[in-house]
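Participant: below are the sequence and a predicted model for it; my questions follow.
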Amino acid sequence: MTNQQDRCLAEIALLMYPESQLAAVHGLTDLFRIASEWVGDDPKPWIRVTHWVPQEDETEASVTCIWDSHPGPQHQLDYVIVPPSIAMPEKMQSMPEAGKWLKDQHGRGSRICSVCAGAFVLAESGLIDGRTVTTHWAFAQALSSKFPQIDVADQHMVLDDGDIITAGGILAWTDLGLTLVERLMGPSAMLATARFLLIDPPRQLQRPFRQFIPKFHHGDESVLQVQHHIHAHVAEPHNLTDLADLAGMGGRTFLRRFSKATGLKPTEYVQNVRISKAREILELTGKTVDQITWEVGYSDPAAFRKVFQRLTGLAPNAYRQRFGIGENQV
């Protein structure tokens with residue numbers, strides 16, 4: 001691999017489905033390029049951005065790359081973003097080929113993101129069945145009616161489940177874009193990009209605590225299946241035997257392969273997923289610590305508080321006082 005290729009931080013794919021918002025597609029493309037201009041000395045790290053379009057012929061449906069910011073080796077899609085639609089939800093056409101492609105990329109380790117009405121396209125993949133997602137407040141009822149198996153939390157701007165990230169309003173692509181810049185390049189590059197574009201940085205990114213960013217591009221499909229199960233069923237019990245059975249392995253083999261792929265033991269991974277969800281609930285709701293304890297899969301509030309403080313550096317109530325939305329603080 002060349003030095004230039006080593007400087008590629010990630011490939012981000014933008015899905016240009018029929019009547020998707022081109023302002024978001026090209027705006028995100030420009031945002032990621034601008035971010036690259038603000039990072040470090042030459043040679044600068046960069047983000048590879050690609051545009052993909054669903055295509056159909058008489059025999060099959062496919063999704064094809066039509067533009068590449070850095071043409072080169074084969075694609076490895078670290079993130080796939082489904083942008084907003086300029087069509088109202090009731091006028092959006094069904095896109096099963098796009099949904100299948102999203103599911104395929106997710107199965108290969110891509111993190112899938114949607115903005116605003118892009119959640120309707122994401123929903124066709126089946127990936128958010130049983131998940132809590134956000135979309136534009138005006139579209140929440142339509143999304144719930146069309147896909148009743150999805151829990152729609154339209155009061156949230158961004159919801160991050162690790163492998164699935166959904167954003168609300170039609171201009172929330174800026175929040176999502178800056179979120180990814182911060183993850184890939186750090187807070188300084190994110191803030192410099194926001195200042196240059198004269199936009200506010202996402203509120204949740206100005207945290208002094210490191211966010212849990214799970215590893216999905218490790219190539220172990222059995223472990224990836226277990227990760228997806230944990231994220232989709234955060235509150236359920238996850239003992240080592242059951243997770244090993246899900247992966248089709250013995251306990252010792254599973255423990256070794258999971259730790260190698262993710263960098264964490266299964267118990268540590270589950271704790272990080274649960275505490276990430278708890279942080280989100282503390283920030284955005286007024287639920288009590290005891291309620292949150294049960295919601296994220298703990299039965300003992302004292303044990304929850306202990307794990308929370310170990311992973312975040314703050315007790316739950318102190319965390320809420322510092323990062324919670326004012327009207328929801330208790």
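Facilitator: Received the coordinates, thanks. Numbering: from 1, shown residues only.
Participant: show me the domain layout of the protein.
Facilitator: Annotated domains of the chain cover 3-205, 221-328 [automatic domain parsing].
Participant: so which of those comes closest to F212?
Facilitator: Closest approach to F212 among the domains of the chain (Cβ to Cβ): domain 221-328, 4.3 Å. (Each C-beta comes from the backbone N, C-alpha and C, glycine too.)
Participant: assign N317 to helix, strand or coil.
Facilitator: Secondary structure state of N317, per DSSP: H, G, I helix; E, B strand; the rest coil, is helix.
Participant: just give the nearest non-adjacent residue to it, would you?
Facilitator: V289 (6.6 Å; Cβ to Cβ, 6 or more residues apart in numbering).
Participant: need the pLDDT of the one you found.
Facilitator: The model reports V289 with a pLDDT of 96.
Participant: wait, what's in contact with it?
Facilitator: Going by Cβ atoms under 8 Å, 6 or more residues apart in numbering, V289 touches P301, F304, R305, P316, N317.
Participant: in PyMOL, how would I select just the buried ones from those residues?
Facilitator: Command for PyMOL that selects the buried part of those, burial taken from 16 or more other Cβ atoms under 10 Å:
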select buried, resi 301+304+305+316
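Participant: any chance of the contacts of V289 in TSV with distance to Q141 and pLDDT as columns?
Facilitator: Shown next, in TSV, are the contacts of V289 (distance: Cβ to Cβ, whole Å; pLDDT from 0 to 100):
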residue	distance to Q141	pLDDT
P301	34	95
F304	33	97
R305	37	96
P316	32	94
N317	34	94
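Participant: out of the contacts of V289, the closest to L28 would be?
Facilitator: Checking the contacts of V289 against L28 with Cβ to Cβ, the nearest one is P316 at 34.3 Å.
Participant: now do the closest one against D160, distance only.
Facilitator: For P316, the distance to D160 equals 19 Å [Cβ to Cβ, to the nearest Å].
Participant: buried residues, stretch 266-282. List them.
Facilitator: Counting neighbours by 16+ other Cβ under 10 Å, stretch 266-282 gives 266, 269-282 as buried.
Participant: nearest to C116, of the residues you listed?
Facilitator: The closest of the buried residues of stretch 266-282, once distances to C116 are taken by Cβ to Cβ, is E280, at 19.4 Å.
Participant: state the distance from that closest one to V273.
Facilitator: Using Cβ to Cβ, E280 is found at 11 Å from V273.
Participant: low-confidence ranges in the stretch 101-250 of the chain?
Facilitator: Scanning the stretch 101-250 of the chain with the threshold set as pLDDT under 70 gives 203-210.
Participant: which residues in it form strands?
Facilitator: Using DSSP state E, counting those that start in this stretch, the strands of the stretch 101-250 of the chain run over 111-115, 132-133, 151-152, 158-160, 164-167.
Participant: which residues touch G177?
Facilitator: G27, L28, L31, F32.
Participant: buried ones only from those residues, please, as a ChimeraX command.
Facilitator: Selecting the buried subset of the contacts of G177 in ChimeraX, with 16+ other Cβ under 10 Å as the burial test, is done by:
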select :27,28,31,32
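Participant: re earlier: let me have the strands of the stretch 101-250 of the chain in TSV, extended by mean neighbour count and distance to P237.
Facilitator: Shown next, in TSV, are the strands of the stretch 101-250 of the chain (neighbours: other Cβ atoms under 10 Å; distance: least, Cβ to Cβ, whole Å):
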stretch	mean neighbour count	distance to P237
strand 111-115	28	26
strand 132-133	22	19
strand 151-152	18	20
strand 158-160	21	23
strand 164-167	26	22
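Participant: dump the contacts of G177 into a markdown table; add secondary structure, distance to C65 and pLDDT as well.
Facilitator: As requested, the contacts of G177 are exported to a markdown table (DSSP: H, G, I helix; E, B strand; the rest coil; distance: Cβ to Cβ, whole Å; pLDDT from 0 to 100):
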| residue | secondary structure | distance to C65 | pLDDT |
| --- | --- | --- | --- |
| G27 | helix | 19 | 97 |
| L28 | helix | 16 | 98 |
| L31 | helix | 20 | 97 |
| F32 | helix | 16 | 96 |
